[in-house]
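K.L.:
fold the following for me, if possible:
(chains A and B)
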Amino acid sequence: MTLAFQRNKIVEVEPLSNNTLAVSWRLVDSLTEAEIHLQVKIPDLEITVGKARIYRFPHQECPSAPGLIPKIIGVRVGPGLRKIVQDLLGGASGCPELAEGVLECANAVILHFTVPQIQENAKGSAEERRKKYQAMLKFNPRLVRSCVAFADDSPLMQELNL
Amino acid sequence: MVTFSRTMLVGGEFLEETTLRLHGILEDRIYAMEIQLDVRLPDGVITAIQGRMKRYTTPVCPRAVDVLQKAVGMSLREEGWISKMNRDIGRQGCQHFAEILIECGRCLASASLAQAMEEKLKAQPTASLETIARSWVEEHPEVQGSCLARPKGESTHAH
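P.N.:
Model prediction:
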C-alpha cells in the first residue's frame, strides 16, 4: 500500500574554525518544509546564532514561527534545555516542530562529542571493551540505568557499584 | 567537514480507515535502527510493534528489541505519552528506539491531515489547502491548542 504521509529529517554538525559548531537541521515532509541553523560556542555550548526558515506549511500562521527561534540565543546546551526550549518556543503560542528541531540540534551536538568515545570503546578484546564502558560510566554516572545496556542486570554493570 | 549527521525517516500508511501503520528509521554516525508500529485510530493506541537494531554500541543493546513490546497498549494521544515512552521504552530499553517511536507519534496528526487533504483535493481539485487544513483542525479537537496555528476552541461549522 502507498504511503499517505512521509517525513524526512536531517541534522548535521560541522566544526568551524573559531571554536564554534555549526548545526543545520532540515525537515521535509508531505505538509512542511523548514530549516534551522544554529551556532554553538565551545566549550560552554552557548547558542550564539539561531535562524530558521519555513518554505512550505499547512496553515497561514506558520510563517510567523521562524521569528521565535532567535529567543534561544544565549541559551546553553545542557541540563534543563528541554524545559527552556519548550517554554520559549513550544506550547499553544509556539511551534512544537521548531522547538523539537532545536532539541534535535542540541542532541546532535552532544553526539558529535560522543563519537570519539564510542570509536575508542569499540577497540580491543571483549574484556577491554567492557572495562572501557565501565570507565565511561564512572565518569558519566548520569548514564547509569539510562538504557538496557546500563541497567543493573547488564554484564557491563557487573562489579560496578554505581 | 560534517562530523556528525542523523537522518530520521517516517512513513505512514493507512491499512484501513482506523489503522495507521508507521515506519520509522533512524540512521546516524553511531546508530542505525528501525521500528514498525500499527496505531488504532482515533484513540492512538499501539496495537502491534516490531523493531530492528542494525548498528549499535554494546552487545547488550539488542535486548531492547523485546522491550519494545511494552509499547503495545500505550496511546500516542494520552496526556504524558512522550514521558511514558522515554521512561518505559527509552530508559528500560533504548533511548534511540524511544526517539523513533516519539517521532512516529508526532506524525500521527500530520498523517491524518495529509490524508484529509488528498481526499478533499481528489473530490474538489480547486479546493484551498488552507481551507481544508482549517476545517480539519475544527473537526479534530485533540490538536487544538497544540501550536500557534491551531488555537483552542475552533468550532466545527458548515463549509
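K.L.:
check the spacing between B:Gly43 and chain A real quick.
P.N.:
That one is not Gly; residue B:43 is Asp. 19 Å (CB to the nearest CB, to the nearest Å). All C-beta atoms are positioned from the backbone trio N, CA, C, and that covers glycine.
K.L.:
count of residues packed around the closest residue to that residue other than its chain neighbours?
P.N.:
Residue nearest to B:Asp43 in three dimensions, not counting chain neighbours: B:Ser75, with 5.8 Å by CB to CB, 6 or more residues apart in numbering or on different chains. Per other CB atoms under 10 Å in any protein chain shown, the neighbour tally for B:Ser75 reads 15.
K.L.:
and the pLDDT at B:Ser75?
P.N.:
On the pLDDT scale, B:Ser75 is placed at 97.
K.L.:
likewise for B:His159?
P.N.:
At B:His159, pLDDT is 42.
K.L.:
for B:Glu154, same thing?
P.N.:
The model reports B:Glu154 with a pLDDT of 59.
K.L.:
list the contacts of the residue nearest to B:Asp43.
P.N.:
By CB atoms under 8 Å, 6 or more residues apart in numbering or on different chains, B:Ser75 lies in contact with B:Asp43, B:Gly44, B:Val45, B:Ile46, B:Trp81.
K.L.:
drop anything exposed from the residues you listed.
P.N.:
With burial judged by 16 or more other CB atoms under 10 Å in any protein chain shown, the buried subset of the contacts of B:Ser75 is B:Gly44, B:Val45, B:Ile46, B:Trp81.
K.L.:
tell me the SS of the nearest residue to the first one once chain neighbours are set aside?
P.N.:
On the basis of CB to CB, 6+ apart, the spatially nearest residue to B:Gly44 that is not a chain neighbour turns out to be B:Arg77, at 3.4 Å. In three-state terms, and counting by DSSP: H, G, I helix; E, B strand; the rest coil, B:Arg77 is coil.
K.L.:
surely B:Arg77 is in contact with B:Leu108?
P.N.:
Yes: look at B:Arg77 against B:Leu108 with CB atoms under 8 Å: they come within range, at 7.3 Å.
K.L.:
tell me which helix or strand residue 137 sits in.
P.N.:
All of this is about chain A. helix A:126-139 (DSSP states H and E).
K.L.:
not what I meant, chain B
P.N.:
helix B:129-139.
K.L.:
counting contacts, what elements does that helix pack onto?
P.N.:
helix B:95-123 (3 or more CB pairs under 8 Å, 6 or more residues apart in numbering or on different chains; DSSP states H and E).
K.L.:
ok, the helix it packs on near chain A or not?
P.N.:
Yes: using CB under 8 Å from any CB of the partner chain, helix B:95-123 comes into contact with chain A via B:Gln95, B:Glu103, B:Arg106, B:Cys107, B:Ser110, B:Ala111, B:Leu113, B:Ala114, B:Gln115, B:Met117, B:Glu118.
K.L.:
which sections of chain B are below the confidence cut-off?
P.N.:
Residue ranges of chain B with pLDDT under 70: B:154-159.
K.L.:
for it, what's the longest strand?
P.N.:
Using DSSP state E, we find that the single longest strand of chain B is strand B:4-16.
K.L.:
quick one: contacts of stretch B:46-64?
P.N.:
With CB under 8 Å, 6+ apart as the criterion, stretch B:46-64 contacts A:118, A:121-122, A:126, A:133, A:147-149, A:154-156, B:19, B:30-40, B:65, B:68-69, B:71-76, B:93-94, B:97.
K.L.:
re the thing from before, buried ones among the residues of helix B:95-123 next to chain A?
P.N.:
B:Gln95, B:Glu103, B:Arg106, B:Cys107, B:Ser110, B:Ala111, B:Leu113, B:Ala114, B:Gln115, B:Met117.
K.L.:
gap between the first one and B:Ile102?
P.N.:
What that stands for is B:Gln95. Distance, B:Gln95 to B:Ile102, by CB to CB, to the nearest Å: 10 Å.
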